[in-house]
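1. Output the structure for:
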Amino acid sequence: MSVLLDNPEHLGQSAYEFQQDKTLGDVMPKLEVLGEIQRKSMLMWPCLEHDDTPWTPMAKPLSESKVALVTTAGLHIRGDKPFIATQPGGDTSFRVIPRSAGVNDIIQSHTSIGFDHTGIYRDLNVTFPIDRLQELVDQGKIGSLS
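-> Below you'll find the model as predicted:
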C-alpha cells in the first residue's frame with residue numbers, strides 16, 4: 001500500500017511541503033505490490049486506440065504559439081473547492097490554475113485508492129510540467145504560456 005494511503009495527513013499538501021517531509025522515503029508504484037485481484041484488473045484494463053482521429057497540423061510554428069496545460073490529475077489552487085471523488089461518473093468539473101500560481105499554491109485532491117501521489121508531491125512537473133514549459137519559452141521554442 002502507498003505511503004500516502006497509510007498516512008492520509010499528506011493529502012492536500014503542496015508539492016513543496018511534501019518534498020520537505022523526510023519520513024516518506026522512496027516510493028514507486030509497482031504492479032507486483034498490488035493484490036492479485038487488483039493486479040489482474042489493471043493488466044486486463046482495455047486501452048483505447050483512436051486510429052481514425054484526424055490529424056490537424058499546426059497553423060504556425062510552435063515558437064510563435066501560446067501553449068496551455070490541461071490535466072486530469074485533480075490539481076487546483078489551495079482554497080478552491082476540491083474535486084468530488086464520490087460523484088457518480090467522476091467529477092467532470094474543472095479548476096483554473098492561474099499562470100502566477102506558485103508550486104506552494106497548487107494542491108492535488110485526487111483520492112482514488114489506486115493512485116499514488118508520491119511523484120506529484122515530490123515534483124509537480126510530473127503531472128503539471130509548468131517549469132519545463134517555461135524553460136521552453138525561455139529558450140524560444142514555445143511562444144508563450146497561457
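2. Make sure Ile120 is indeed in a helix.
-> Yes: residue state for Ile120 (DSSP: H, G, I helix; E, B strand; the rest coil) corresponds to a helix.
3. hang on, it packs against Ile107?
-> No: using Cβ atoms under 8 Å, Ile120 and Ile107 do not qualify as a contacting pair, with a distance of 9.7 Å. Heads up, the C-betas are built off the backbone N, CA and C, glycines and all.
4. Mind jotting down where the strands sit in this structure?
-> Ranges of strands in the chain, per DSSP state E, are 66-67, 75-77, 106-108, 144-145.
5. among those strands, which is nearest Leu48?
-> strand 75-77 (23.5 Å; Cβ to Cβ).
6. quick check: mean pLDDT across that closest one?
-> In this model, strand 75-77 carries a mean pLDDT of 93.
7. counting contacts, what elements does it pack onto?
-> Where contact means 3 or more Cβ pairs under 8 Å, 6 or more residues apart in numbering; DSSP states H and E, strand 75-77 is packed against strand 106-108.
8. just checking, what packs against the strand it packs on?
-> Here strand 106-108 touches strand 75-77, going by 3+ Cβ pairs under 8 Å, 6+ apart.
9. if I look at Trp45, how far off is Gln38?
-> Going from Trp45 to Gln38 by Cβ to Cβ, to the nearest Å gives 11 Å.
10. between those two, which one's more packed in?
-> Ranked by neighbour count (other Cβ atoms under 10 Å), Trp45 and Gln38 place Gln38 first, with 13 against 7.
11. Before we move on, what's the pLDDT of the more buried one?
-> Listed pLDDT for Gln38 reads 83.
12. and among the strands of the chain, the most buried is which?
-> strand 106-108 (a mean of 23; mean count of other Cβ atoms under 10 Å).
13. low-scoring pLDDT stretches of this protein, where are they?
-> In the predicted model of the chain, residues 1-29, 112-114 satisfy pLDDT under 70.
14. swap the cut-off to 80 and go again
-> Across the chain, the ranges flagged by pLDDT under 80 are 1-34, 47-50, 85-90, 110-117.
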